[in-house]
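Undergrad: No sequence on hand, only this structure:
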């Protein structure tokens, strides 16, 4: 359905600044009748743009909300999993940085062991439920994610160790954040020069 | 996958373990003397000793003594909770296949023991060093094919020795066995002198209680009871003994202790120590008569001396910290129980000090040497080490304490009818 766009012109005044106009109709009549149409079209276009803009921005926010919701869900799920794993039966003192193997006894009790199914071999007495690495923040990483997580931690370590230099350097330190380009200095420094 | 070369909780603890081993070495002169004397000639060369004994710092010093004498060694712990992880790590780091960590499950315990049976070169064990009999039983029942190649076993403790005599009776024992437990320098020393230091250590670590002026009951006046009573008295406590054996009761009385029944003693004492080796020593009727906040603990072999089941069913338990529980009785009075009625010197302190373990372990090394170098002299059966070796163990510990031994002159030895080098006592002598 075509939308009727109403345009409003600025109110007219028969005696602007105290000067009475001779013939205000003449003064105020558009020379070209299409001017009004043009104006109307312009306003309509603007409306569309505003709507589109708002739509775009809302869409971004909606996407962010969806993303945040997913993240929140993931955080909650991981927190529940970590809590469950921490409460699994265990005779040993668990040390961060080590892998532990989860088994289920015939009674249904789950427990952590330092023995892998490979080490047990064929004599493994209980059902194997998975391998987890205990991280230094007391979270658990499932076996399949261990290489990825280790890689991430290595990158962060590298970043942190190079950023630690910042206190001794009067210049901003972008090491590790912006890739170094050929020549001296970082890309950031070169940008400042230009 | 072939079996791992070792399995411990955390190999990074090795450095700490090594430092504690160095401290322990100075306090284990018997083992260090064995290294000095036999290290160069490697008399245990060719021996493949599978050991199953608490994997502690002291045991680590024992293991290194055996390897220095030329033996190959594999090790597991004889208790699922007794391993000191730093000791296991330090031993693993030296290349000894050790399978032990604090907090094994029962299934993992058997796995660990089984890993020690075949050595890294694929050859099976040919000597057993056991504490409690689990390794001995496992080899006899599950790996009998290796029995013909095994020269013998040495057993550390009472439980294991009972097991050996039982096996012998039934005709199930297939290899020579040396009972290390009943060497004078073992049982007479760790029971008496070990407990004399570790009982009070445990009570104080757990409660920080002032002992001076308190009335303490020690149930049982055997070696453990004698040591316990002596150290409590040395702190200024008044000690009451309960006994069933008239000889021990008279001994206690001759030492100046009041000897009475638990029914009488429970009303007057502040601290109760059971060391009887018997069951049902402290029961419901005693608990109800006790003073408020009485401390109750056990240093006897088993945890059945104190009726904890009754306390758990009838009093409210509040755990103050691990191994220290304060019970609220129906009357509103409190009773403090240490180490859940298990061995208080292990639960609340560090067990026996290195020096006293050096006595036990030097007996173990001598037993292994006997079995390996004089295999033809040992038949299937259970024997004790000859008295000369028992005396040798004691002799090796004298220097460290600046003890100057008097030597018999030929005239004196003729008078006594003894060799100047011993043995100095007949086998039935009770020390």
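TA: Alright, I've got the coordinates. Quick caveat: nothing in here was measured; it's all calculated off a predicted structure.

Undergrad: chain center to stretch B:375-385: distance?
TA: From the chain centre to the centre of stretch B:375-385 is a distance of 23 Å (C-alpha atoms, centre = their mean, to the nearest Å).

Undergrad: mind checking the end-to-end distance for it?
TA: Length of stretch B:375-385, first residue to last, C-alpha to C-alpha, to the nearest Å: 14 Å.

Undergrad: Quick one: mean pLDDT for it?
TA: Per-residue pLDDT over stretch B:375-385 has a mean of 96.

Undergrad: in the sheet, who's paired with residue A:100?
TA: residue A:132 (DSSP bridges).

Undergrad: How about the contacts made by the residue in chain A that chain B sits nearest to?
TA: Distances between chain A and chain B by C-beta to the nearest C-beta are smallest at residue A:91, namely 3.2 Å. In this view, the C-beta of every residue, glycine as well, is placed from N, C-alpha and C. For residue A:91, the contact set (C-beta atoms under 8 Å, 6 or more residues apart in numbering or on different chains) comprises A:111, B:80, B:81, B:102, B:103, B:104, B:105.

Undergrad: Pick out whichever of these sits closest to residue B:327.
TA: Nearest to residue B:327 among these: residue B:81, at 23.4 Å, using C-beta to C-beta.

Undergrad: Hmm, the closest one is touching residue B:103, no?
TA: Yes. Residue B:81 lies in contact with residue B:103 (C-beta atoms under 8 Å); the separation is 6.3 Å.

Undergrad: wait, what's in contact with residue B:287?
TA: Contacts of residue B:287 by C-beta under 8 Å, 6+ apart are B:266, B:307, B:310, B:311, B:315, B:329, B:335.

Undergrad: neighbours around the first one, how many?
TA: The reference is to residue B:266. Neighbour count of residue B:266, defined by other C-beta atoms under 10 Å in any protein chain shown: 23.

Undergrad: Am I right that it is in contact with residue B:290?
TA: Yes. Assessed by C-beta under 8 Å, residue B:266 is found in contact with residue B:290 at 5.6 Å.

Undergrad: So residue B:81 and residue B:103 - more neighbours on which side?
TA: Neighbours per residue (other C-beta under 10 Å) separate residue B:81 from residue B:103, with residue B:103 holding more: 18 against 13.

Undergrad: Quick check: the closest residue to the more buried one other than its chain neighbours vs residue B:319, distance?
TA: With sequence-adjacent residues excluded and distances taken as C-beta to C-beta, 6 or more residues apart in numbering or on different chains, residue B:103 is closest to residue A:91, at 3.2 Å. Using C-beta to C-beta, to the nearest Å, we find residue A:91 at a distance of 18 Å from residue B:319.

Undergrad: max-length helix in chain B?
TA: Of all the elements of type helix in chain B, the one with the most residues (DSSP state H) is helix B:354-373.

Undergrad: Which helix or strand lies directly C-terminal to that one?
TA: Counting by DSSP states H and E, the next helix or strand C-terminal to helix B:354-373 is strand B:381-384.

Undergrad: ok, residue 97 - contacts?
TA: You didn't say which chain, so I picked chain A. By C-beta under 8 Å, 6+ apart, the neighbours of residue A:97 are A:133, A:134, A:135, A:136.

Undergrad: think we crossed wires, I meant chain B
TA: Contacts of residue B:97 (C-beta under 8 Å, 6+ apart): B:5, B:6, B:74, B:75, B:115, B:116, B:119, B:120.

Undergrad: Need the three-state assignment for the third one.
TA: Classification of residue B:74 using DSSP: H, G, I helix; E, B strand; the rest coil returns strand.
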